[in-house]
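A.B. asks: sequence and predicted structure, then a few things I'm wondering about:
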Amino acid sequence: MVKVYIDGQEGTTGLKILERFEGRNDIELLKIDEDKRKDNDERRKMINSSDFTFLCLPDAAAKEAVALAGDKVRIIDASTAHRTNPDWAYGFPELGADFRRKIENSSRTAVPGCYASGFISMVYPLVKLGIMPEDYPVTCHAVSGYSGAGKKAIAAYESENRPDEFDSPRQYALTQLHKHLPEMQKICGLSYEPAFNPLVCDYFSGMVVSLPVHTRLLTKKYSADDIRKALCEFYSDAYFVNVMPEGEPQDGFIGANNISGTNLMQIFVNGNDERLILCSRLDNLGKGASGAAVQCLNIMMGIDEKTGLI
C-alpha cells in the first residue's frame with residue numbers, strides 16, 4: 001500500500017482525484033488538519049510522509065510545495081508550473097513509449113492542461129509523423145464547461161443572481177496569452193505558438209478542442225481518411241484515446257459533455273479535399289485533469305493504468 005497526499009484537495013481537481021480513489025484498497029490517504037493546510041511546516045511533514053504527492057494548487061504554491069519535498073517523494077503536479085520543464089515527465093503516456101517510460105521512472109510528473117491535452121492529442125502526432133510542418137500557422141478553437149475555471153467561477157455560474165451573459169458562451173484569453181500556450185507549442189514542436197480561441201460555456205464539465213487544417217499547407221495533400229488512418233495507427237495501443245471511425249458523428253454534431261465523468265478522449269476527423277476539421281473531445285476534469293493525474297499515478301506505481309478510471 002502506498003501513502004498518498006493531495007496538497008490542495010479542497011479544489012475541484014483535488015476533489016475529483018479523491019472521487020477516483022473511492023473503493024481502492026492499495027492507497028492510504030494522508031489528510032492534513034484543516035487549520036494547518038497553509039502551514040508550511042505541516043505541509044512539509046505531510047508531503048515527505050507520502051510516497052506520492054499530488055499538487056492541485058496555483059503555480060506559485062506548487063513551486064513552493066516542490067521546494068518542501070525531499071528526493072524520496074514522487075510528485076504529480078496538476079498546475080501549469082512545470083509542464084515545459086525538461087526535467088519533468090509530461091503526463092500524456094499515449095504520445096509514445098518515451099513519454100510513458102519517463103512517467104514510469106520519474107520522481108516528477110507534470111499533468112497536462114485540459115485544453116492542451118485536446119490540442120496536443122491532434123497536433124503532436126501530425127508533426128511527429130511529418131504530416132504537418134513545424135511552422136504551420138496553427139489555429140485552435142475550444143469550448144469548455146465552467147468547472148475548469150475554478151471554485152469562484154463555479155460559484156458564479158451556479159449563483160441565482162448571475163449576469164445574463166453567463167447564459168451564453170463567453171470568449172476569453174483575448175490577449176493570446178493563455179497559460180496553456182507554452183506547453184501546446186513546446187510539446188508539439190511547433191515553431192510558433194498557435195492562435196487560440198477558448199470559450200467557457202454554461203454547462204459543468206466536458207470540452208471540445210477543434211483544429212482547422214488547410215490541406216494545401218501540409219507537407220503533401222492528405223485527405224480526411226489519410227489523417228484518420230494515421231491517427232488510428234498512432235493511437236492503436238491506447239485505451240483511453242480513441243480515434244472515431246469515418247462518418248462520426250452520425251448526426252453531424254459534436255457535443256462537448258458526452259463523455260464527462262470519464263477518462264476517455266475521442267478524436268474526430270472530418271472535412272473535404274481543401275479543409276479539414278479535427279476535434280478532440282474529453283472531460284476537462286477527467287483526461288484533462290484528475291483522471292490524467294490518477295492515470296500517471298498508476299503508471300508510476302507500476303500497476304494497470306486503468307485502475308480506478310473505468
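C.D. replies: Nice, thanks for sending it over.
A.B. asks: what helices or strands is the helix or strand where residue 266 lies leaning on?
C.D. replies: Under the criterion of DSSP states H and E, residue 266 resides in strand 265-271. In this structure, strand 265-271 packs against helix 114-128, helix 224-234, strand 241-243, strand 275-282, with contacts taken as 3 or more C-beta pairs under 8 Å, 6 or more residues apart in numbering; DSSP states H and E. Where C-beta positions appear, they are placed from N, C-alpha and C, glycine not excepted.
A.B. asks: and the residue in the chain sticking out farthest from the centre, what's its pLDDT?
C.D. replies: Distance from the C-alpha centroid of the chain peaks at residue 161, with 31.3 Å (C-alpha atoms, centre = their mean). pLDDT recorded at residue 161 is 91.
A.B. asks: show the contacting residues for the nearest residue to residue 278 once chain neighbours are set aside.
C.D. replies: Nearest non-adjacent residue to residue 278, counting by C-beta to C-beta, 6 or more residues apart in numbering: residue 211, 4.3 Å away. For residue 211, the contact set (C-beta atoms under 8 Å, 6 or more residues apart in numbering) comprises 119, 122-123, 138-140, 277-280.
A.B. asks: filter the residues you listed to the buried ones?
C.D. replies: Buried members of those, counted by 16 or more other C-beta atoms under 10 Å: 119, 122-123, 138, 140, 277-280.
A.B. asks: in CSV: those, plus pLDDT and distance to residue 14.
C.D. replies: CSV is the format used below for the buried ones among the contacts of residue 211 (pLDDT from 0 to 100; distance: C-beta to C-beta, whole Å):
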residue, pLDDT, distance to residue 14
119, 98, 24
122, 98, 28
123, 98, 29
138, 98, 32
140, 98, 28
277, 98, 35
278, 98, 32
279, 98, 29
280, 98, 25
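A.B. asks: of all those, which two lie farthest apart?
C.D. replies: Farthest-apart pair in those is 138 and 279; separation 14.6 Å (C-beta to C-beta).
A.B. asks: please parse the protein into its domains.
C.D. replies: Domains of the chain are assigned by automatic domain parsing as 2-112+289-301, 114-284.
A.B. asks: distance between the ends of the longest one?
C.D. replies: Spelled out, that is domain 114-284. This stretch, domain 114-284, spans 5 Å end to end (C-alpha to C-alpha, to the nearest Å).
A.B. asks: likewise the shortest one?
C.D. replies: Start to finish, the residues bounding domain 2-112+289-301 are 9 Å apart (C-alpha to C-alpha).
A.B. asks: give the contact list for the closest residue to residue 179 other than its chain neighbours.
C.D. replies: Using C-beta to C-beta, 6+ apart and skipping residues adjacent in sequence, the residue nearest residue 179 is residue 80, 4.9 Å away. Taking C-beta under 8 Å, 6+ apart as the contact definition, residue 80 lies against 59, 113, 179-180, 183.
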